[in-house]
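[1] Compute the structure for the input listed below.
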Amino acid sequence: MRKNKWKTEQGYFTVPKEGKTFKEISSILSDEEGKSVPQSTVSNIFRRGLVKIANHIANEYEKDIDAEVICRDPGFRSSLMDVMRQTKQNNKKDDSSISI
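    So this is what the prediction gives:
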(Lines give C-alpha, C1' and ligand atoms only; values in the text may rest on other atoms or scores of the structure.)
Protein backbone atom coordinates (compact mmCIF):
# COMPACT_ATOMS: atom_id res chain seq x y z
CA MET A 1 0.00 0.00 0.00
CA ARG A 2 1.28 3.44 -0.88
CA LYS A 3 2.18 5.71 1.98
CA ASN A 4 0.14 8.60 0.57
CA LYS A 5 -2.92 7.15 -1.14
CA TRP A 6 -4.12 10.54 -2.40
CA LYS A 7 -1.19 11.17 -4.73
CA THR A 8 -2.09 10.33 -8.31
CA GLU A 9 0.05 9.68 -11.34
CA GLN A 10 -0.52 13.35 -12.26
CA GLY A 11 0.83 14.51 -8.89
CA TYR A 12 -0.76 16.62 -6.19
CA PHE A 13 -3.25 19.46 -6.44
CA THR A 14 -1.73 22.63 -5.01
CA VAL A 15 -3.60 25.53 -3.46
CA PRO A 16 -3.35 28.85 -5.31
CA LYS A 17 -2.20 31.95 -3.45
CA GLU A 18 -5.74 33.19 -2.79
CA GLY A 19 -6.84 29.82 -1.37
CA LYS A 20 -6.43 28.41 2.12
CA THR A 21 -4.68 25.21 3.14
CA PHE A 22 -6.33 22.54 5.28
CA LYS A 23 -4.13 23.70 8.16
CA GLU A 24 -5.36 27.30 7.84
CA ILE A 25 -9.00 26.16 7.62
CA SER A 26 -8.46 23.91 10.64
CA SER A 27 -7.10 26.84 12.63
CA ILE A 28 -10.05 29.09 11.69
CA LEU A 29 -12.59 26.42 12.60
CA SER A 30 -10.79 25.66 15.87
CA ASP A 31 -10.92 29.35 16.83
CA GLU A 32 -14.63 29.62 15.93
CA GLU A 33 -15.71 26.34 17.55
CA GLY A 34 -13.58 26.70 20.66
CA LYS A 35 -12.26 23.16 20.31
CA SER A 36 -9.62 21.53 18.15
CA VAL A 37 -10.63 20.63 14.59
CA PRO A 38 -7.85 18.45 13.10
CA GLN A 39 -6.53 18.96 9.58
CA SER A 40 -7.56 15.41 8.74
CA THR A 41 -11.19 16.23 9.56
CA VAL A 42 -11.11 19.26 7.25
CA SER A 43 -9.52 17.14 4.52
CA ASN A 44 -12.14 14.40 4.92
CA ILE A 45 -15.03 16.88 4.77
CA PHE A 46 -13.53 18.46 1.65
CA ARG A 47 -13.01 15.06 0.02
CA ARG A 48 -16.56 13.92 0.83
CA GLY A 49 -17.89 17.13 -0.70
CA LEU A 50 -15.88 16.52 -3.87
CA VAL A 51 -17.21 12.95 -4.07
CA LYS A 52 -20.78 14.27 -3.87
CA ILE A 53 -20.08 16.76 -6.66
CA ALA A 54 -18.45 14.09 -8.84
CA ASN A 55 -21.37 11.69 -8.26
CA HIS A 56 -23.87 14.41 -9.15
CA ILE A 57 -22.02 15.22 -12.38
CA ALA A 58 -21.79 11.52 -13.25
CA ASN A 59 -25.53 11.07 -12.63
CA GLU A 60 -26.33 14.03 -14.88
CA TYR A 61 -24.36 12.40 -17.71
CA GLU A 62 -25.51 8.89 -16.79
CA LYS A 63 -21.92 7.68 -16.28
CA ASP A 64 -20.76 4.93 -13.94
CA ILE A 65 -17.55 6.17 -12.27
CA ASP A 66 -15.47 5.63 -9.16
CA ALA A 67 -15.90 9.07 -7.63
CA GLU A 68 -13.14 8.50 -5.05
CA VAL A 69 -10.58 7.99 -7.81
CA ILE A 70 -11.87 10.93 -9.85
CA CYS A 71 -11.66 13.27 -6.85
CA ARG A 72 -8.00 12.41 -6.26
CA ASP A 73 -7.12 13.69 -9.74
CA PRO A 74 -5.57 17.18 -9.62
CA GLY A 75 -7.10 17.84 -13.05
CA PHE A 76 -10.62 17.34 -11.68
CA ARG A 77 -9.94 19.66 -8.75
CA SER A 78 -8.37 22.26 -11.02
CA SER A 79 -11.33 22.12 -13.43
CA LEU A 80 -13.76 22.48 -10.55
CA MET A 81 -11.82 25.50 -9.30
CA ASP A 82 -11.96 27.05 -12.80
CA VAL A 83 -15.76 26.60 -12.87
CA MET A 84 -16.10 28.24 -9.44
CA ARG A 85 -13.89 31.17 -10.52
CA GLN A 86 -15.92 31.66 -13.68
CA THR A 87 -19.16 31.55 -11.70
CA LYS A 88 -17.78 34.08 -9.23
CA GLN A 89 -16.78 36.42 -12.08
CA ASN A 90 -20.20 36.10 -13.71
CA ASN A 91 -21.86 37.02 -10.42
CA LYS A 92 -19.70 40.16 -10.16
CA LYS A 93 -20.80 41.50 -13.55
CA ASP A 94 -22.62 44.81 -13.40
CA ASP A 95 -26.32 44.32 -14.02
CA SER A 96 -27.21 48.03 -13.99
CA SER A 97 -28.03 47.93 -17.70
CA ILE A 98 -30.94 45.55 -17.13
CA SER A 99 -34.23 47.33 -17.76
CA ILE A 100 -37.03 46.87 -15.29
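
[2] buried stuff in the one helix or strand F46 maps to?
    When secondary structure is defined by DSSP states H and E, F46 falls within helix 39-60. The neighbour-count criterion (16 or more other CB atoms under 10 Å) identifies V42, L50, I53, A54 as the buried residues of helix 39-60. For every residue, glycine as well, the C-beta is placed using N, CA and C.

[3] Mean pLDDT per helix and strand in this protein: which one sits at the bottom?
    Among the helical and strand segments of the chain, the one scoring lowest on mean pLDDT, DSSP states H and E is helix 74-92, with a mean of 82.

[4] coming back round to it: what's the next helix or strand after the helix holding F46 packed up against?
    In the C-terminal direction, the helix or strand that comes right after helix 39-60 (DSSP H and E) is helix 67-72. Contacting helix 67-72 under the criterion 3 or more CB pairs under 8 Å, 6 or more residues apart in numbering; DSSP states H and E are the following elements: helix 39-60.

[5] and S26, how many neighbours?
    19 (other CB atoms under 10 Å).

[6] Pretty sure it sits against K35.
    No. Shown here, S26 and K35 do not form a contact pair, counting by CB atoms under 8 Å, at 11.6 Å.

[7] returning to what we had before: tell me the angle of the least confident helix or strand of the chain relative to helix 39-60?
    Compare the direction of helix 74-92 with that of helix 39-60 by axes from the mean of the first three to the mean of the last three CA atoms, to 10 degrees and you get 80 degrees.

[8] Show me what helix 74-92 is packed against.
    Using 3+ CB pairs under 8 Å, 6+ apart as the contact test, the elements touching helix 74-92 are helix 39-60.

[9] how near is V37 to E18?
    Relative to E18, V37 is positioned 22 Å away (criterion: CB to CB, to the nearest Å).

[10] Between those two, which is the more surrounded one?
    The residue with more neighbours, out of V37 and E18 and counting by other CB under 10 Å, is V37; that gives 17 against 6.
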